[in-house]
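Asker: Could you look at this predicted model? Sequence included:
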Amino acid sequence: MPQISIIITAYNAEKTIEKCLNSILDTKYNDYEIILVNDGSTDNTDGIVQLFASDKIRYFSKPNTGVADSRNFGIEKANGDYIAFVDSDDYVSSNYFENIDSYMQEGIDIIKRKGIILSNTLPQTKIEGATFEITTGEDAFNKLCFTDKYLDTLWSYIIKKSLFTELNFKFEKGRYHEDFGLLPLLILKANKVVSLPDYVYYYVQSENSIMREQDLSKTIKKAQDALYHYDNILSTIETYNLSEVTKENVGIYLTNAILLKIKEFDLISTNFNEKSKMNKDDVEDTANSIEDKIENESLKEQYKKAENWYIKELKKRKIYKNIKARNLKQLIKKIILFTNIKLYKIFAFV
C-alpha cells in the first residue's frame, strides 16, 4: 500500500498534463501512487496519459461531471494513507516529498505546504503564510486565516485519508469554490496540523484558468456557490466544539472571502465582449429573478444589476456582524459594511 495517493483530475489538459506528470515522476520519493481521473476530456488528454502507463499511475476515464465529483471519485479509489491533490495544469518541485515522512509516520492529519504563483503577465510570486510545528486544527486555522490568502487552495495540503472517510467529508458536486467550502472544515476538525516552510508547488495561472473565465452566467453561479458555502460553514461550525474567538475568526475569514466576489462584477478594469451575455439556461433556478431582469440589457447594465443583486444577498446576511472591531481598521470596515457595502470596493479593507 502506498503512503500517499496523488489525485489529479484532468479535463482537456493535453497541453499541460505531460509536464505535470513528469514533475511528480521525477521526484526521488517512491512510496506513492497517482490517481489520474480523466473527467470527460474531448481533446487528446487520454492519448497523452496512455503514454505514461506504469504501475505508479492508476488511470480512470469517466464522463464529465466536474472537478468536485472527480475529486470525490479519486478519494474513493485511493489506496494511500494520505492524499495530495495536484491540478493538471500545475507541477511540483523535485523536493515535493521531502521533509514530510516523519510527520506521516507520526499520523499528523494535515501537512500544509507552500507554493509559487506562475503567470504570463505577472512576476513569479511566493505565497506567504504562517509556518508552525504540530498544533491543533483549531489553532492552525487561527494562525492561517489572517496570514495565508491561499488557505483554501487544495494543492497546499497533504491530508490523511481517514479525515475524509471517517468524517464523511466530500466536495460539493456541481458547485464552484468547492475548496473554499470544505477546507476550513477539514482544518478545524483535524487533531494535528503542521505548516512547513518549503516552497514545493508551482501554481500556474493561465489565461484559460477557470478563475479567469469572463462569463456573466458563471460569475453569478460562482457568487451563488460562494454564498452557499458561506452559509453552510457558519451553520456547520455551530456543531463543532470551538472557542468563541475561533468562531469569530471563521466569520471574519468567510466575510472577507465573499466580499472579494464583488470585484468580479466590476467591468472597469476587465475587457469583456458581447459574447459574454447571459445565457438563460446557464444559471440555477435560485438566480431566476436576477437572470430574468438582466437578460435583455447591455453587458455593462447586466453586470451592474448582477452586482446589485449580490450586494442585496450580502445585506440579507448582515455580514457586518461578523467583523469584530479589534482594531481601528476593523472598526472602519464594520461601519462601511453596515452603511454602504459598495464602498468596500473603493476602500478594499481586508
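Answerer: That came through, no problem. Just so you know, these numbers come straight off a predicted model, no measurement behind them. Numbers count the residues shown, from 1 in each chain.

Asker: Give me the buried positions along stretch 67-86.
Answerer: Using 16 or more other C-beta atoms under 10 Å as the test for burial, stretch 67-86 gives 67-75, 78, 80-86. Using the backbone N, CA and C atoms, a C-beta is placed for each residue, glycine as well.

Asker: Equivalent analysis for stretch 165-181, please.
Answerer: Buried, per 16+ other C-beta under 10 Å, within stretch 165-181: 169, 171, 172, 175, 176, 177, 178, 179, 180, 181.

Asker: Contacts only, for the closest residue in space to residue 1 that isn't next to it in sequence.
Answerer: Nearest residue to residue 1, sequence neighbours excluded (C-beta to C-beta, 6 or more residues apart in numbering): residue 79, at 5.4 Å. Residue 79 is in contact with 1, 2, 5, 33, counting by C-beta atoms under 8 Å, 6 or more residues apart in numbering.

Asker: Mind putting those residues into JSON lines with pLDDT and distance to residue 256?
Answerer: Converted to JSON lines, these look like this (pLDDT from 0 to 100; distance: C-beta to C-beta, whole Å):
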{"residue": "1", "pLDDT": "87", "distance to residue 256": "40"}
{"residue": "2", "pLDDT": "94", "distance to residue 256": "37"}
{"residue": "5", "pLDDT": "98", "distance to residue 256": "32"}
{"residue": "33", "pLDDT": "97", "distance to residue 256": "37"}
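
Asker: quick one: which of the residues you listed is nearest residue 157?
Answerer: Residue 157 has its nearest neighbour among those in residue 5, at 13.4 Å by C-beta to C-beta.

Asker: Given the strand or helix carrying that closest one, what are its sheet partners and their directions?
Answerer: Per DSSP states H and E: residue 5 is located in strand 4-10. With DSSP bridges as the test, strand 4-10 is paired with strand 32-39 (parallel), strand 82-85 (parallel).

Asker: mind saving the C-alpha coords of that strand as CSV?
Answerer: Output of strand 4-10 as CSV, limited to C-alpha atoms (Å, rounded to 0.1, in the frame of the first residue of the first chain):
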residue,chain,number,x,y,z
ILE,A,4,0.5,8.9,-0.5
SER,A,5,-2.2,8.9,-3.2
ILE,A,6,-1.8,11.9,-5.5
ILE,A,7,-5.1,12.8,-7.1
ILE,A,8,-5.0,14.6,-10.5
THR,A,9,-8.3,15.5,-12.2
ALA,A,10,-7.9,16.4,-15.8
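
Asker: how about low-confidence regions in the protein?
Answerer: 207-214, 267-297, 345-350 (pLDDT under 70).

Asker: domains for it, by residue range?
Answerer: 4-210, 213-347 (automatic domain parsing).

Asker: Off-centre distance for the longest one?
Answerer: Looking back up the chat, that one is domain 4-210. Centre-to-centre, domain 4-210 and its host chain are 10 Å apart (C-alpha atoms, centre = their mean, to the nearest Å).

Asker: Where is the longest helix in this structure?
Answerer: helix 216-236 (DSSP state H).

Asker: mind listing what's buried in the helix or strand just after it?
Answerer: Downstream of helix 216-236, the first helix or strand assigned by DSSP H and E is helix 244-259. Going by neighbour count (16+ other C-beta under 10 Å), the buried part of helix 244-259 is 246-259.

Asker: now what about helix 244-259, what contacts it?
Answerer: Here helix 244-259 makes contact (C-beta under 8 Å, 6+ apart) with 138, 141-142, 145-146, 151-152, 180, 184, 188, 226-227, 230, 233-234, 237, 242, 314, 319, 321-324, 337, 341, 344, 350.

Asker: Just the buried residues out of these, in PyMOL syntax.
Answerer: Of those, the buried ones go into a single PyMOL selection, burial set by 16+ other C-beta under 10 Å:
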select buried, resi 138+141+142+145+151+152+180+184+188+226+227+230+233+234+237+242+314+319+322+323+337+341+344
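
Asker: From the contacts of helix 244-259, which land in strands?
Answerer: Counting by DSSP state E, none of the members of the contacts of helix 244-259 fall within strands.

Asker: What's the local residue count around residue 57?
Answerer: Residue 57 is flanked by 17 other residues according to other C-beta atoms under 10 Å.

Asker: backbone phi and psi for it, please?
Answerer: The phi/psi pair for residue 57 (degrees, to the nearest 10) reads phi -110, psi 120.

Asker: excluding its backbone neighbours, what's nearest residue 331?
Answerer: Leaving aside its chain neighbours, residue 331 sits nearest to residue 325 (3.9 Å; criterion: C-beta to C-beta, 6+ apart).

Asker: List phi and psi for the one you found.
Answerer: phi -80, psi 70.

Asker: Then residue 103?
Answerer: With angles defined as degrees, to the nearest 10, residue 103 sits at phi -70, psi -40.

Asker: From residue 150, how far off is it?
Answerer: Counting by C-beta to C-beta, to the nearest Å, the gap from residue 103 to residue 150 is 20 Å.

Asker: And for residue 161?
Answerer: 23 Å.

Asker: With respect to burial, which of the domains of the chain scores highest?
Answerer: When the domains of the chain are scored by mean count of other C-beta atoms under 10 Å, the highest mean neighbour count falls to domain 4-210 (a mean of 18).
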